[in-house]
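Asker: can't give you the sequence, but here's the structure:
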Ligand SMILES: [Zn+2]
């Protein structure tokens, strides 16, 4: 079904239900389409994803405390293989993609790390094509796996879904994107140490902060390849969750005061990154709905986006809609004829393909967009039923062709309507008291930056 017919059907449904569309359109405003992003999305292959996951499973365990010297079994061999695959993809990049093994020492804590251990993240970096654009976007999954006992580094821990699925997304994206140009720098990472306590992502988030990267988004993928919950009898490969924190973990007192005044507790940078992912992913990928999870993560669970949130960066987590806990963090075994363990046979590679495509479309659209507008303000000097917005063009990166103003009712979860303007100010015939607004920079092909919410200004 094309997007046009999707829209028409929705419209028809709304009419049938007697919901006449007047001022605002009761569907989500969608991202514009770029033919080359469509082409990249089309190159994502379910077969490749299966091959990648099967290879990761073949290392038997990728536990963070497993062998780093065995050539065939353990985390060391798995890391080397991811690195060699990245190096293969990098050949298509004309030297723009570089591959590193980022090693770090994790101190023994007497709990999940018995003694000091060296870990490593495998990182492929596709350098931005515009030297004047310093933005960085990260897509990540974790390479390490576990059995029932988190300290068991010996037993089989195939980790097909948790989280070879996430790493397969990262690798397949690196393969498809390596030959393409993006003004922003794209970073593809397989973290280690997630199951022992988010060590790889913490190491990277601290490094990013220390080195002052302009990191605009982190897409973390963890448990993204199973579409069947035996417990609930639900089979659904058309929905995927994206979790995001509502407001920044490192919010200051002053920011909190402003948030309470504006009622913007549902509009932190990570929440708006999740909306961007929904808007873009659903525009480019058919038969997938991105379900916005209005919390940082699931109960009792954490993930590699969290250390980035703690350092103040926009970071979200994608996870499948219906998890199957018989195939997560379980020793591979049969009990009463039932198979336990995180095995490839329980995965759905067509579902994983769609989830990869959602990540790819998001990263490509954002990577090709101009930088965000600056000093975005809403004029509050006068009582009026209109909305006056103004902002400055970004000072770095390519010059925007114009700007999209996003608008939604204060009770709506996604942006309902958008306006295009070429100027850096606009007066809209809608009351600022009744809607939320945000401004995105856009280029001539409609690639859009993340939205920026206006702050009240007097003039
Ligand atoms: Zn995981």
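Answerer: Arrived safely, thanks for sending. Values in this document were obtained by computation on a predicted structure and should not be read as measured data.
Asker: measure the nearest residue to residue 243 once chain neighbours are set aside to residue 319 for me?
Answerer: Closest residue to residue 243 apart from its sequence neighbours, by CB to CB, 6 or more residues apart in numbering: residue 293 at 3.9 Å. In this view, the C-beta of every residue, glycine as well, is placed from N, C-alpha and C. Distance, residue 293 to residue 319, using CB to CB, to the nearest Å: 8 Å.
Asker: coming back round to it: and the residue nearest to residue 243, how close does it get to residue 53?
Answerer: 24 Å.
Asker: Of those two, which one has the most company?
Answerer: A direct count of neighbours by other CB atoms under 10 Å for residue 293 and residue 53 places residue 53 higher, at 24 against 17.
Asker: So which residues make contact with the helix or strand encompassing the more buried one?
Answerer: Assigned by DSSP states H and E, residue 53 belongs to helix 46-57. If you take CB atoms under 8 Å, 6 or more residues apart in numbering as the criterion, helix 46-57 is touched by 62, 78, 81, 85, 143, 158-160, 164-165, 167-169, 171-172, 175, 225, 343-344, 347, 349-350, 352-353, 356.
Asker: ditto for stretch 285-294
Answerer: 1, 41, 237-244, 246, 266, 271, 274-275, 277-278, 281-282, 321, 354-355, 357-358, 361, 413-414.
Asker: if you set the cut-off to 6 Å instead, what comes out?
Answerer: Residues from elsewhere that reach stretch 285-294 (CB atoms under 6 Å, 6 or more residues apart in numbering): 238, 239, 241, 242, 243, 274, 277, 278, 281, 354, 357, 358.
Asker: For PyMOL, write a command that selects the buried ones of those.
Answerer: Selecting the buried subset of the contacts of stretch 285-294 in PyMOL, with 16 or more other CB atoms under 10 Å as the burial test, is done by:
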select buried, resi 241+242+243+274+277+278+281+354+357+358
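Asker: Out of the contacts of stretch 285-294, which are close to the ion?
Answerer: Among the contacts of stretch 285-294, no residue sits close to the ion (CB under 5 Å from the ion).
Asker: What is the nearest of the contacts of stretch 285-294 to the ion?
Answerer: Closest approach between the contacts of stretch 285-294 and the ion, by CB to the ion: residue 243, at 12.9 Å.
Asker: in terms of contact, does that closest one touch residue 298 like I think?
Answerer: No. In this structure, residue 243 is not within contact of residue 298 by CB atoms under 6 Å, at 7.2 Å.
Asker: Figure out the helix or strand that the residue nearest in space to the middle of the chain lives in.
Answerer: With distances taken as CA atoms, centre = their mean, residue 219 lies nearest the centre of the chain, 2.4 Å away. Residue 219 is located in strand 214-221, with elements delineated by DSSP H and E.
Asker: strand partners of that strand, parallel vs antiparallel please.
Answerer: Using DSSP bridges, the strands paired with strand 214-221 in its sheet are strand 135-142 (parallel), strand 315-320 (parallel).
Asker: Check which element follows the last one along the chain.
Answerer: The reference is to strand 315-320. Next element after strand 315-320 (DSSP H and E): strand 333-335.
Asker: I figured residue 139 hits residue 170, correct?
Answerer: Yes. If you go by CB under 6 Å, residue 139 and residue 170 touch, sitting 5.4 Å apart.
Asker: intersection of neighbour lists for residue 293 and residue 319?
Answerer: Residues touching both residue 293 and residue 319 by CB under 6 Å, 6+ apart: residue 241.
Asker: those strands in the stretch 151-300 of the chain, which residues are they?
Answerer: 185-191, 214-221, 228-229, 234-235, 239-243, 289-293 (DSSP state E, counting those that start in this stretch).
Asker: what packs against the first one?
Answerer: Other elements packing on strand 185-191 under the criterion 3 or more CB pairs under 6 Å, 6 or more residues apart in numbering; DSSP states H and E are strand 117-126, strand 135-142, helix 165-177.
Asker: To the ion, which of these lies closest?
Answerer: Per CB to the ion, nearest to the ion of the helices and strands packed on strand 185-191: strand 135-142, 5.6 Å.
Asker: Please name the residues that touch the closest residue to the ion within the stretch 201-350 of the chain.
Answerer: In the stretch 201-350 of the chain, the residue that lies nearest the ion is residue 222 (4.2 Å; CB to the ion). Residue 222 is in contact with 163, 166, 303, counting by CB under 6 Å, 6+ apart.
Asker: can you give me how far the helix holding residue 53 is from the chain middle?
Answerer: Going by CA atoms, centre = their mean, to the nearest Å, the spacing between the C-alpha centre of helix 46-57 and its chain's C-alpha centre is 21 Å.
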